[in-house]
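Visitor: coords below, sequence missing:
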């Protein structure tokens with residue numbers, strides 16, 4: 001077993017709200033500098049830059065988990081993490097069916113850039129990514145779990161796109177074991193405000209939209225880096 005420092009919520013330049021510095025080589029360079037050895041790339045409703053970040057990490061010792069930050073029909077953000085790019089791409093096909101065909105307004109939302117492993121421009125994503133899909137949180141969970149992924153509601157305490165304010169609590173039908181709160185929040189204070197989290201494990205991530213957001217708040221003692229082992233280690237933490 002060994003200690004791993006993780007940042008499981010990282011955006012690239014494909015997310016319209018992310019800084020232009022969030023290109024694959026700089027993401028990996030920042031992870032190395034911050035001694036973060038596991039990251040999850042989680043752009044809004046898309047997987048198109050995941051391979052580039054995985055390729056940029058090759059030979060560095062950094063493990064890149066294929067992921068996505070899904071926005072559900074309830075306007076709730078959820079981290080959807082997988083072991084393989086193939087699993088994520090299968091999930092992306094489902095998301096694409098449920099993603100409204102709105103054109104991105106760069107002046108309002110920002111650019112959505114698909115890049116290669118060196119950060120070179122390949123194309124712009126014209127379809128707006130930072131919007132709600134028509135997948136409910138319940139259906140989204142079923143799709144992620146069916147593909148062997150890990151489903152973690154993101155920054156659940158936030159007024160904007162957080163599950164707790166949006167739904168007024170934790171739906172018991174989800175049988176949630178893990179949720180994420182923002183890295184700057186106090187876990188005891190969030191638990192006090194939302195007693196429903198009493199029996200749910202809480203992790204923190206930086207929700208990195210710029211390089212300084214890669215804070216590596218989560219450390220776990222695991223051997224092989226897999227979704228199952230990460231989930232098990234989180235659940236075994238006190």
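Guide: Received the coordinates, thanks. Keep in mind the model is a prediction, meaning the values are calculated, not measured.
Visitor: Where does pLDDT dip in this protein?
Guide: 1, 238 (pLDDT under 70).
Visitor: Pairing-wise in the sheet, spell out the partners of residue 181.
Guide: residue 204 (DSSP bridges).
Visitor: Isn't residue 235 up against residue 201?
Guide: Yes: counting by CB atoms under 8 Å, residue 235 does reach residue 201; the two are 5.9 Å apart. C-beta here means a position set from N, CA and C on the backbone, and glycine is covered the same way.
Visitor: Give the intersection of the neighbour lists for the two.
Guide: Contact criterion CB atoms under 8 Å, 6 or more residues apart in numbering; residues shared by residue 235 and residue 201: 177, 178.
Visitor: Neighbour count for these two, which is higher?
Guide: residue 201 (16 against 10; other CB atoms under 10 Å).
Visitor: Tell me where the chain has helices.
Guide: Taking DSSP state H, the helices of the chain run over residues 24-33, 50-57, 85-98, 106-109, 137-146, 163-167, 187-193, 227-236.
Visitor: So which of those helices is the most surrounded?
Guide: helix 50-57 (a mean of 22; mean count of other CB atoms under 10 Å).
Visitor: Just list what it packs against, helices and strands only.
Guide: Using 3 or more CB pairs under 8 Å, 6 or more residues apart in numbering; DSSP states H and E as the contact criterion, the elements in contact with helix 50-57 are helix 24-33, strand 38-41, strand 63-71, helix 85-98.
Visitor: what's the angle from the first one to strand 63-71?
Guide: Put plainly, it is helix 24-33. 110 degrees (axes from the mean of the first three to the mean of the last three CA atoms, to 10 degrees).
Visitor: Which other helices and strands does helix 24-33 contact?
Guide: strand 38-41, helix 50-57.
Visitor: Now distance to residue 170 too, for the ones you listed, in CSV please.
Guide: Below are those laid out as CSV (distance: least, CB to CB, whole Å):
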stretch, distance to residue 170
strand 38-41, 22
helix 50-57, 29
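Visitor: and of those, who's closest to residue 32?
Guide: Of all the helices and strands packed on helix 24-33, it is helix 50-57 that lies closest to residue 32, at 9.5 Å by CB to CB.
Visitor: circling back to that earlier point, any chance of the helices of the chain in JSON lines, with distance to residue 64 too?
Guide: JSON lines is the format used below for the helices of the chain (distance: least, CB to CB, whole Å):
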{"stretch": "helix 24-33", "distance to residue 64": "8"}
{"stretch": "helix 50-57", "distance to residue 64": "5"}
{"stretch": "helix 85-98", "distance to residue 64": "9"}
{"stretch": "helix 106-109", "distance to residue 64": "25"}
{"stretch": "helix 137-146", "distance to residue 64": "18"}
{"stretch": "helix 163-167", "distance to residue 64": "26"}
{"stretch": "helix 187-193", "distance to residue 64": "26"}
{"stretch": "helix 227-236", "distance to residue 64": "13"}
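Visitor: so how far is the first residue of stretch 207-225 from its last?
Guide: 21 Å (CA to CA, to the nearest Å).
Visitor: What residues of that stretch count as buried?
Guide: 207-209, 211, 213-218, 220, 222, 225 (16 or more other CB atoms under 10 Å).
Visitor: for residue 152, which residues make a bridge with it?
Guide: Bridge pairing for residue 152 - DSSP bridges - gives residue 79.
Visitor: OK, contacts around it?
Guide: 8, 78, 79, 81, 178, 179, 180, 203.
Visitor: at 7 Å instead, please
Guide: 78, 79, 178, 179, 180 (CB atoms under 7 Å, 6 or more residues apart in numbering).
Visitor: What of residue 100?
Guide: If you count contacts by CB under 7 Å, 6+ apart, residue 100 has them with residue 131.
Visitor: Kindly reformat the helices and strands packed on helix 50-57 as TSV containing distance to residue 127.
Guide: Shown next, in TSV, are those (distance: least, CB to CB, whole Å):
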stretch	distance to residue 127
helix 24-33	21
strand 38-41	19
strand 63-71	13
helix 85-98	9
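Visitor: Appreciated, that's everything.
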